[in-house]
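Colleague: need a 3D model of the following:
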Amino acid sequence: MPAVFFDIDGTLFDTRADLAGTVNHTRRDLGLAELPVETVITHVGQGARYLLEHSIPEAKVPYEELWEIFRSHYAEHCCETVVPYPNVRRTLDELKARGWLLGVNTNKPNFAVKLILEKFGMTRYFGQAVVAGGDGIPLKPDPQSIRECASRLGGHRLSAHDWMVGDSWTDMQAAANAGVKGAFCTFGFGRLNDSRYTIKINRFEELLRHLKAEE
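Modeller: Numbers count the residues shown, from 1 in each chain. Below is the predicted model:
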């Protein structure tokens, strides 16, 4: 069976409030004013460094200091308000039952991914096939992240029947770069920009119908 790889932020989970809250906590620690949630969220999707450097551009401290403030607070609060999008669990259950190989491919820091998946009992869907920021692998849109995720699925070899599901241009570009199909989630909070996709889904469970053709 083919494989399907999922982004986290804006795809499996709504993480906006906790991400923005942690960025604003970091800003307060530096004596800076808070930003609106929607302003912070425009910088999500390209990894922690991009998020911090673009949401706190006036910081006068090294990135390592920014990261430590952010990491410490987010480790405590990344699961405070986060929720899965509707029908995520039901959809994953059905895909698993159909024999699909499931993986997570995200630029989100690995410690937060682990905490969120564990909180909602979703590690069982993906096993070792979780590639995240901080794993030492180039971030999306580099295709190496998808290739590494596939290798953790028992050495799965990517093909044009595999899918990347996400809400950002980085997801769709990574899919194109890796030679797999892209499902763009319109319900997320990422930006497509000018990236191409195979399908758009307005609700997570729509994947079931679209992926049926690959079985």
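Colleague: mind listing the helices for the chain?
Modeller: Secondary structure of the chain (DSSP state H): helices located at 16-29, 37-41, 48-55, 63-77, 88-98, 110-119, 123-126, 144-151, 169-178, 207-212.
Colleague: angle of the first one against helix 63-77?
Modeller: With axes from the mean of the first three to the mean of the last three C-alpha atoms, to 10 degrees as the basis, helix 16-29 and helix 63-77 are set at 130 degrees to each other.
Colleague: and the average pLDDT for helix 16-29 is what?
Modeller: Averaging pLDDT along helix 16-29 gives 97.
Colleague: neighbours of Ser55, just the number please.
Modeller: A count of nearby residues for Ser55, using other C-beta atoms under 10 Å, gives 23. Heads up, the C-betas are built off the backbone N, CA and C, glycines and all.
Colleague: please name the residues that touch it.
Modeller: By C-beta atoms under 8 Å, 6 or more residues apart in numbering, the contact list for Ser55 reads 23, 27, 35, 39-40, 43.
Colleague: got it, and Glu215?
Modeller: 1, 98-99.
Colleague: per-residue pLDDT of Leu35, please?
Modeller: Leu35 is given a pLDDT of 97.
Colleague: oh, and call the first residue 53 from now on, that's how I've got it
Modeller: All right, first residue 53 from here; so that's Leu87.
Colleague: got the phi/psi numbers for it?
Modeller: phi -110, psi 150 (degrees, to the nearest 10).
Colleague: report the separation between the residue nearest to Arg142 when sequence neighbours are not counted and Ala181.
Modeller: Closest residue to Arg142 apart from its sequence neighbours, by C-beta to C-beta, 6 or more residues apart in numbering: Glu257 at 6.8 Å. Glu257 sits 22 Å away from Ala181, going by C-beta to C-beta, to the nearest Å.
Colleague: between these two, which has more neighbouring residues?
Modeller: The neighbour comparison of Glu257 against Ala181 (other C-beta under 10 Å) goes to Ala181, with 21 against 14.
Colleague: hmm, Leu154 and the more buried one touching each other?
Modeller: Yes - judged on C-beta atoms under 8 Å, Ala181 makes contact with Leu154 at a distance of 7.0 Å.
Colleague: what's the local residue count around Val165?
Modeller: Look at Val165: counted by other C-beta under 10 Å, it has 26 neighbours.
Colleague: show me what contacts the closest residue to it other than its chain neighbours?
Modeller: Nearest non-adjacent residue to Val165, counting by C-beta to C-beta, 6+ apart: Ala184, 4.5 Å away. Listed by C-beta under 8 Å, 6+ apart, the contact set of Ala184 reads 60, 156, 158-162, 165.
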